[in-house]
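Trainee: below: sequence and its predicted model.
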Amino acid sequence: QLVESGGDLVQPGGSLRLSCTASGTTGSFGCMGWFRQAPGKEREGIAFLHPGGGLTHYAGSVTGRFTISQDNAKNTLYLQMNSLKPEDTAVYYCAARPGGYGCTTKLVDYADWGQGTQVTVS
C-alpha cells in the first residue's frame, strides 16, 4: 500500500515536497515513480527512481525543477518540486513495480498505486 501526502495550493514559483509512504520496504521494489494527471489529460510519468541503485529519470517537463529521492529507513519516497508553474497543477500519484523489474514510463507496468494528492499552482 502506498500513501501520498504533501499536496497543497501554492503560488507560481513556489515549492512543495510530496511524500509517498509504503507499507512495505521501499528497497524491495524494482522501481518507484511519480505520475501526475491534470484535468482532461492522460496520466503521465514524471520522475522515477531505482531504489536499489538510486538511478533516477525525469520527464523533460520537470527536469531541473523536480527531484525524486528516497529514505529507505522511513520507507518513503519524496518528490521535491521547485519553481512550480500553473501547468504543474494535477493530482500526483506514486507507484511501484515489484523487485526485479526496472523503471519504465508505462502506467500498465506499475502494479501498486497511491490514492493521489492534489497540487494546485495558482
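Mentor: Yes, it's here. Residues are numbered from 1 along each chain as shown.
Trainee: how close does the most centrally placed residue in the chain sit to V10?
Mentor: The centroid of the chain falls nearest to W34 when counting by Cα atoms, centre = their mean (2.1 Å). Relative to V10, W34 is positioned 16 Å away (Cβ to Cβ, to the nearest Å). Placement of C-beta: from N, CA and C, glycine included.
Trainee: now D112
Mentor: D112 is 27 Å from V10, by Cβ to Cβ.
Trainee: cool, F48 as well?
Mentor: 23 Å.
Trainee: those two: who's more crowded?
Mentor: F48 (23 against 17; other Cβ atoms under 10 Å).
Trainee: ok, that one touching I68?
Mentor: Yes: F48 is in contact with I68 according to Cβ atoms under 8 Å; the separation is 7.0 Å.
Trainee: okay, and the common contacts of the two?
Mentor: Each of 33-34, 56, 58 lies in contact with both F48 and I68 under the rule Cβ atoms under 8 Å, 6 or more residues apart in numbering.
Trainee: thank you kindly, that will do.
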